[in-house]
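Visitor: Structure for this input, please:
(chains A and B)
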Amino acid sequence: MSARTVAREFFGHMETGAVDKIISMTAPGAVVYLVPLDVRGPMAAEGARYLRELASAFPDLLIRVRRLFVTTDNTAVAEITIDGTQAADFLEVDNQEKHFDLDQAWLLEVAPDDRISAVTAYWDQNQLYRRLGVKRLDNITITAR
Amino acid sequence: MSTDALAASTGTTSREATARAVVTAFFDAYRAQDVERMVDLCAGNANFRYVPFEVWAHQRVLHGDGKVRTVGKPIWTALIDAFPDLSNTVRRVRADHDGNVAVEVDIGGTQAKDFGVIGCNGGRYDLAHLFLFHVAADGLIDDIVAYWDNVDWKKQLGWLEVD
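Guide: Below is the predicted model of the structure:
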């Protein structure tokens, strides 16, 4: 399996909320860094927690892979768009059933045995807040209806 | 230095080495605040997209999306004007054999003027960015995309409004 295939499988599982399958794709000790959330730690703990919250808050989640390439160190670099309708509180943002779409970039470091050893994700949390109706960064539960 | 010379200075002229050298030169020029040099490293019709760059004006949203020469250059110039000590530290460069390059880089500076909605409080920021480039076979950058988190940026500069 190539890193490209691993990445497509990863995002396919993210779309369906199959977090256990994602974790089964990772190496023991795999780490995650979600840059805008300043979340770092084990993929099996911090990564799984974020992915489960995403899946439960956006049960109709769609993920479109817009660009994907694999660098010579076997890192899959993906630009994706995530798209869904909020159905539960997410990252402390009250649920207003708003639809959102958000462009993100993910780096998946893939080991020779095709297991993911590190995940890094970039996006703009301000865009997420804007689409979900948040008005102030010091009190993100204050939202516009 | 030409892009071929940049690649040659690395001891190899592979597509990957050329792309790495060109992108490294781009951030060297950015660190030197040499916007003309940054633009010169790009093809004439190079595409530009700063994904988080959204300015919400009355009745419309302005996106940081277009060409390097017409959208990128004015943004870089305005950033350097607002943050006169703007600099960068490249943390990691990854490239493939087809001209694609991913760069994790920290960019930061001290605010001296208002920038967009962010009023000037004299604050300083240091912010993780991901840049994705494509370097064409002729050694010129023909596509730039960048990601960062505006919440972190605004908070560091003391601005707490989403818009």
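Visitor: Is chain B within reach of the top helix by length along chain A?
Guide: Among the segments of chain A that qualify as a helix by DSSP state H, the longest is helix A:3-16. No. Judged by CB under 8 Å from any CB of the partner chain, helix A:3-16 and chain B are separated, with a smallest distance of 10.5 Å. Where you see a C-beta, it was placed from the backbone N, CA and C, and this is true even at glycine.
Visitor: mind checking how far that helix is from the chain centre?
Guide: Here helix A:3-16 shows a centroid-to-chain-centroid distance of 11 Å under the convention CA atoms, centre = their mean, to the nearest Å.
Visitor: The lowest-mean-pLDDT helix or strand in chain A near chain B anywhere?
Guide: Every helix and strand in chain A was compared by mean pLDDT, DSSP states H and E; the lowest is helix A:125-132, with a mean of 93. Yes. Using CB under 8 Å from any CB, we find that helix A:125-132 touches chain B at A:Q125, A:N126, A:Q127, A:Y129, A:R130.
Visitor: My guess is the last one contacts B:D163. True?
Guide: Yes. Using CB atoms under 8 Å, A:R130 is in contact with B:D163, at 6.7 Å.
Visitor: Pick out whichever of those two has more residues nearby.
Guide: Shown here are A:R130 and B:D163; by other CB atoms under 10 Å in any protein chain shown, A:R130 has more neighbours (20 against 12).
Visitor: before we move on, back to that, buried residues, the longest helix of chain A. List them.
Guide: Within helix A:3-16, the residues scored as buried using 16 or more other CB atoms under 10 Å in any protein chain shown are A:A3, A:V6, A:A7, A:E9, A:F10, A:F11, A:H13, A:M14, A:E15.
Visitor: Over to stretch B:116-129?
Guide: Under the neighbour-count criterion of 16+ other CB under 10 Å, stretch B:116-129 has B:G116, B:I118, B:C120, B:G123, B:Y125, B:L127, B:A128, B:H129 buried.
Visitor: Now the most centrally placed residue in chain A: which helix or strand?
Guide: Geometric centre of chain A, nearest residue: A:L51, 6.3 Å, by CA atoms, centre = their mean. Per DSSP states H and E, A:L51 falls inside helix A:48-57.
Visitor: need the longest strand for chain B.
Guide: Ranked by number of residues, the top strand in chain B under DSSP state E is strand B:42-57.
Visitor: Other residues contacting that one?
Guide: Residues from elsewhere that reach strand B:42-57 (CB atoms under 8 Å, 6 or more residues apart in numbering or on different chains): A:103, A:105, A:124, A:126-127, A:130, B:61-69, B:71-72, B:75, B:116-117, B:136, B:138, B:140-150, B:163.
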